[in-house]
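Asks: Predicted coordinates and the sequence they were generated for:
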Amino acid sequence: MKVAFIDASVTELKKNYLGIADYCKGKRPDFSAVFISVDTASNVVETMEGSALEAIEKSGYNVVHLTSFNNKKIEKWVEEEKPDILFSNAMNTYNELWNCICNRKGIQTFFYPHGFQIDNLFYKKSALLSKVTKILRYAYAIWNISKEIDRSFVKMFKDYSSYISNGAALVGTSMDDKRLYPSKVFVYSDYYKEFWHRKYGITGVEYVNIMPYDFLLVEPVMAKPQEEAVCYITQTLHEDGRYSKEEFYELLISYRKLAENVKKLYVKLHPRVDSAEYDKAFEGLNNVEIVRDFPNCKCYITHYSSMAYTAKLVSGNVIIHELPGQPTHEVYKEVASVIAYNMDEVVKAANDLMTTPDMSFEERKKSIRKYASYTGVSPYEVIDSAL
């Protein structure tokens, strides 16, 4: 059995798929995999890319950089490599193009979520304009999809642009075509079965319920002593075009006030961000520790990171810091102990939650059930059973 995993960077390939590959390889003597980076991620950290590549290759897999979104070139690669299954984790144009080609060739297409999807991410139009190369590559993927399914490129580009810029649903548009759908979709809950149909029109596919892979962190983190500390879970706000670089740095500077009013502040970095801006923003504050591993803290703060759900299971105390122009989606309202709208409110909420009695683990599990379940069953085991 040969599986192809596709993602925007080597860092994300390692984060999202290496655990699946290693688990399946341990269970299936005939298992092999290839990791495909299309290199669309913005502002990648070269040291993280290097360490991710090393980890993938250490496990015995190859990483290939297939940056062309030309349908003939993709089809040629598929015919030569002959994968049995393609794994993707986002409904973007290049994944839909790959799905279309693989579906036509009789290759199974699996969708494995990389986090808690929501209806709309609010991008700064000025920041999007700075990503001209990426936009052109996505447009070229749409051009090739239009040739695959014989539809108007202009209409498809217009519909997809509305989806990106305004959060419009793709259901019922020119981008709503079963040839672009994955054949099997792993979901965190029944809510997401409805979500995929409402947002993209996906229907007639096999759904498999699965525990988010981030939940594998819960038991190891809880096994460590809980610290009387606050953890700020960072996101790729600048890297993905939701904030300009200047706006993002101002946001980081505002968190100095939080650090000055709590005993200890951890800043948990996203795997794809460079630490340099954070080091600069928190320079001189001895109670701030910038980390990549998930700490066991009394209280966590984020904006709309999927790790909010892991934080809810670990401590029960989650502050959603809502940013201007970035309204909190119902998915994240579900885990919020407090929604704060400015730094004064963040500081007050953090200090209040320090004295709040802990919820029991059973209560914490129950609080997230609408959108995900902590089953204790490894998602890798579920995936292996579904191959």
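Replies: Yes, it's here. Numbers count the residues shown, from 1 in each chain.

Asks: In contact with the closest residue in space to Lys155 that isn't next to it in sequence, which residues?
Replies: Counting by CB to CB, 6 or more residues apart in numbering, Lys155 lies nearest to Ser174, which is 4.6 Å off, once chain neighbours are set aside. Where C-beta positions appear, they are placed from N, C-alpha and C, glycine not excepted. Contacts for Ser174 (CB atoms under 8 Å, 6 or more residues apart in numbering) come out as 151-152, 155-156, 159.

Asks: Most neighbours of all those, which one?
Replies: Met156 (22 neighbours; other CB atoms under 10 Å).

Asks: What are the buried residues along the helix or strand that residue falls within?
Replies: Taking DSSP states H and E as the criterion, Met156 maps to helix 153-166. Using 16 or more other CB atoms under 10 Å as the test for burial, helix 153-166 gives 156-157, 159-160, 163-164.

Asks: is it fair to say Asn95 lies in a helix?
Replies: Yes - under DSSP: H, G, I helix; E, B strand; the rest coil, Asn95 falls within a helix.

Asks: What is the neighbour count of the closest residue in space to it that isn't next to it in sequence?
Replies: Among residues not flanking Asn95 along the chain, Ser88 sits closest, at 4.0 Å (CB to CB, 6+ apart). The burial count assigned to Ser88 is 24, neighbours taken as other CB under 10 Å.

Asks: From here on, call the first residue 682.
Replies: Happy to do that; since the first residue is 682 now, the last one works out to Ser769.

Asks: Any regions of the stretch 782-931 of the chain where pLDDT drops low?
Replies: 802-811, 922 (pLDDT under 70).

Asks: which residue ranges form the strands in it?
Replies: For the stretch 782-931 of the chain, the strands defined by DSSP state E, counting those that start in this stretch occupy 789-792, 865-868, 887-890, 908-914.

Asks: Tell me the one among the buried residues of helix 834-847 nearest to Pro952.
Replies: Nearest to Pro952 out of these is Ile845 (CB to CB; 23.0 Å).

Asks: Would you check how far apart that closest one and Tyr819 are?
Replies: 8 Å (CB to CB, to the nearest Å).

Asks: Now list whatever residues contact both of those two.
Replies: By CB under 8 Å, 6+ apart, no residue touches both Ile845 and Tyr819.

Asks: On the strand side of things, show who Val744 bridges to.
Replies: Under DSSP bridges, the beta-bridge partners of Val744 are Phe716.

Asks: what's the straight distance from one end of stretch 982-998 to the other?
Replies: This stretch, stretch 982-998, spans 9 Å end to end (CA to CA, to the nearest Å).

Asks: any residues touching the helix or strand containing Lys1047, and which ones?
Replies: Using DSSP H and E, Lys1047 falls within helix 1042-1048. When contacts are defined by CB under 8 Å, 6+ apart, helix 1042-1048 is touched by residues 903, 993-994, 997, 1015-1016, 1040, 1054-1055.

Asks: repeat for stretch 963-978
Replies: Residues from elsewhere that reach stretch 963-978 (CB under 8 Å, 6+ apart): 898, 902-903, 905-908, 910-912, 933, 936-937, 940-941, 943-950, 952, 956, 959-960, 988, 991, 995-996.

Asks: Which of those are buried? Put it as a ChimeraX command.
Replies: To isolate the buried members of those in ChimeraX, using 16+ other CB under 10 Å:
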select :898,902,910,911,912,933,936,937,940,943,945,946,947,948,949,950,956,959,988,991,995,996
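
Asks: Out of the contacts of stretch 963-978, list just those in helices.
Replies: Counting by DSSP state H, the contacts of stretch 963-978 place 902-903, 933, 936-937, 940, 959-960, 988, 991, 995 in helices.

Asks: how many neighbours does Ser925 have?
Replies: 15.

Asks: what do you get for Lys753?
Replies: 11.

Asks: my guess is it is in a strand, correct?
Replies: No - read with three-state DSSP, Lys753 is helix and lies in no strand.

Asks: per-residue confidence for it?
Replies: Lys753 is assigned 98 on the pLDDT scale.

Asks: Quickly note the distance from it to Glu1011.
Replies: Relative to Glu1011, and taking CB to CB, Lys753 is found at 42 Å.

Asks: Same check on Arg1045?
Replies: As judged by CB to CB, Arg1045 and Glu1011 stand 19 Å apart.

Asks: so what are the domain limits for the protein?
Replies: 683-893+1056-1067, 897-1048 (automatic domain parsing).

Asks: May I see the buried residues of helix 834-847 organised as CSV, with distance to Ile971 added?
Replies: Below are the buried residues of helix 834-847 laid out as CSV (distance: CB to CB, whole Å):
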residue, distance to Ile971
Met837, 42
Phe838, 40
Asp840, 41
Tyr841, 37
Tyr844, 35
Ile845, 31
